Every structure is written in C-alpha cells, then in structure tokens.
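K.L.:
Build the 3D model from these lines:
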Amino acid sequence: MSRAITRGIPSSFTRALTAARLDSPIDVTLARAHHAIYRDALSAMGAAIDLLDPDEAYPDCVFVEDTAVVAARLALIARPGAESRRGETAAIANVLAGHCEIARMTAPATLDGGDCMRVGTTIYVGRSGRTNSAGVAALAAAFAPRGFRIVALELPPNVLHLKCICSPLGDDRILLADDSIPAEQFTGLEIIRVPQAETYAANAVAIGAHVLVAAEFPQTHDVLARAGFTLHLVPTTEVRKADGSLTCQSIVF
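P.N.:
Residues are numbered from 1 along each chain as shown. Prediction:
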C-alpha cells in the first residue's frame, strides 16, 4: 500500500513565501477545507495517510514534499533552498524514520523535493533557484548506489520547481506542460501533454490508475481521462497563492 505523509495548514499560512501578486489574501479556512479534500482523495486512491500537526513557526510547512526525497526505502532529508523553511525537516524526518533509512543533506547543498521527479529507476532533478549543483550531487550520492540514474535538468528562470511543469504518471510516462522544457529530455518515456494555457495542471499525483489533479483545468482533465485515468479533482485556489500545488502537499511512497 502507498503511504502519504501530509501536514496541516497553520494560521501563519497567510505569510507563506510567494512570488505571485495576489488579488486577494490567502483564506486559511478555505485552504484547510481544500486540504481535507486533498487527503480524502489520496485515501480514495489507496494511500494510507499520515497527518502531522502544523507548526505556526513555519508558514509553508504544508508543502512537505520539499523536505525529503524518498525511494527504495531511503529518505534523503533535504536542505531546502529557502532558509526560512529549513526547520520544517525535523518533524518529517522523525516520521520517515519509522519507515525508511535516513540520510541527511548538509551545506553547501540545497535541494527542494519539488525539483525531484522519480520515474521508474530514474530520478530527474531540476537545477533551480532552490536546488543547486551540490544538492544534485548529494542526491546522486544517496540514490545512485541504490540503482537509480540521476538526470539533472536546467530549468527556465521563471520556473520555481521541476514539478511545476511535469509530474510522473507511473514508471514509464509523465505529464508535461507544452512549451516548458523539451520533451526530448525524457527519452524512452510516454509524454502526456498539458496545454500551455493549463501549465499549472501539469503538477498531478498519480497512484496506479488514479490521478489527483487541480480542479480548475478542464482541458487537462480530458487529456488524463483519455489516457485511462480515474480523476480525483482538488481545488487549488488558495495554495496557488503561496506558489503551491498538489505534489508538494504530500510525500507519497
């Protein structure tokens, strides 16, 4: 059975990091309601849910994906690129220690889990404003000995994380936004394309034949339905205001 590590939304979420120009402030009550829908969807997809308490000291703590990379019973505890988020990792490491061997990233490496996409035995990692070359090297040092191929990708400067533009749909295909990065970088994979106008929806969570997708993007819903997936729709209006999406709200392993 899949397991999903999640974390509640603090009242301080209104102060989460964002590059967006907000038309309205984050509605924490609504964000929490959306997060409940998110957890219910993961459960319906077959995942056992671990829900950690929020920490008011860390406004972004709901975005647990950035704190660790988990594969082959190893959890690499990351060193997030935003210094204000580095204290988020301790609680996640404590939970993961009950399920995995733990490795820890150290300075000068920085890496956000949102820059890492595992597809079969390959881990694609984006070099971004949050993930540096030392972080990529630390990822390789942890996972290459366990049989994973590490493929580093250069991200456009306007892309926060690799998974802002693509996400895995099992071991041999991915969801990729048109006009983002070249599909040729994913040799041997089936590419399911998201229209450029719906780039945000290229971030989705797949478990088997089920996929959790942002509710507001009907063209992407059609693409995924035609590909044979059962869709689970989750509203994203509030997490989008904090530069967040769907994969970043859980660590699924």
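
K.L.:
Name the next helix or strand downstream of the longest helix along the chain, please.
P.N.:
When the chain is parsed with DSSP state H, its longest helix is helix 28-44. Going down the chain from helix 28-44, the next helix or strand is strand 47-52, by DSSP states H and E.

K.L.:
Can you list the strands that that following strand pairs with?
P.N.:
strand 2-7 (parallel) (DSSP bridges).

K.L.:
Restrict the longest helix of the chain to CA atoms and write it as PDB.
P.N.:
Taking Å, rounded to 0.1, in the frame of the first residue of the first chain, the C-alpha atoms of helix 28-44 are listed here in PDB:
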ATOM      1  CA  VAL A  28      -6.800  29.900   5.600                       C
ATOM      2  CA  THR A  29     -10.200  28.300   6.400                       C
ATOM      3  CA  LEU A  30     -10.800  27.600   2.800                       C
ATOM      4  CA  ALA A  31      -7.300  26.300   2.300                       C
ATOM      5  CA  ARG A  32      -7.900  23.900   5.200                       C
ATOM      6  CA  ALA A  33     -11.100  22.700   3.600                       C
ATOM      7  CA  HIS A  34      -9.300  22.100   0.300                       C
ATOM      8  CA  HIS A  35      -6.500  20.200   2.200                       C
ATOM      9  CA  ALA A  36      -9.200  17.900   3.700                       C
ATOM     10  CA  ILE A  37     -10.500  17.200   0.100                       C
ATOM     11  CA  TYR A  38      -6.900  16.500  -0.900                       C
ATOM     12  CA  ARG A  39      -6.300  14.000   1.900                       C
ATOM     13  CA  ASP A  40      -9.700  12.300   1.200                       C
ATOM     14  CA  ALA A  41      -8.700  12.000  -2.500                       C
ATOM     15  CA  LEU A  42      -5.400  10.400  -1.600                       C
ATOM     16  CA  SER A  43      -7.200   7.900   0.700                       C
ATOM     17  CA  ALA A  44      -9.700   7.100  -2.100                       C
END
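
K.L.:
So for that helix, what gets flagged as buried?
P.N.:
For helix 28-44, burial by neighbour count (16 or more other Cβ atoms under 10 Å) applies to 31-32, 34-35, 38-39, 41-42. No exception for glycine: its C-beta is placed from N, CA and C like everyone else's.

K.L.:
do you know how far the closest residue to Arg3 other than its chain neighbours is from Thr6?
P.N.:
Residue nearest to Arg3 in three dimensions, not counting chain neighbours: Ala48, with 4.8 Å by Cβ to Cβ, 6 or more residues apart in numbering. According to Cβ to Cβ, to the nearest Å, Ala48 stands 11 Å off from Thr6.
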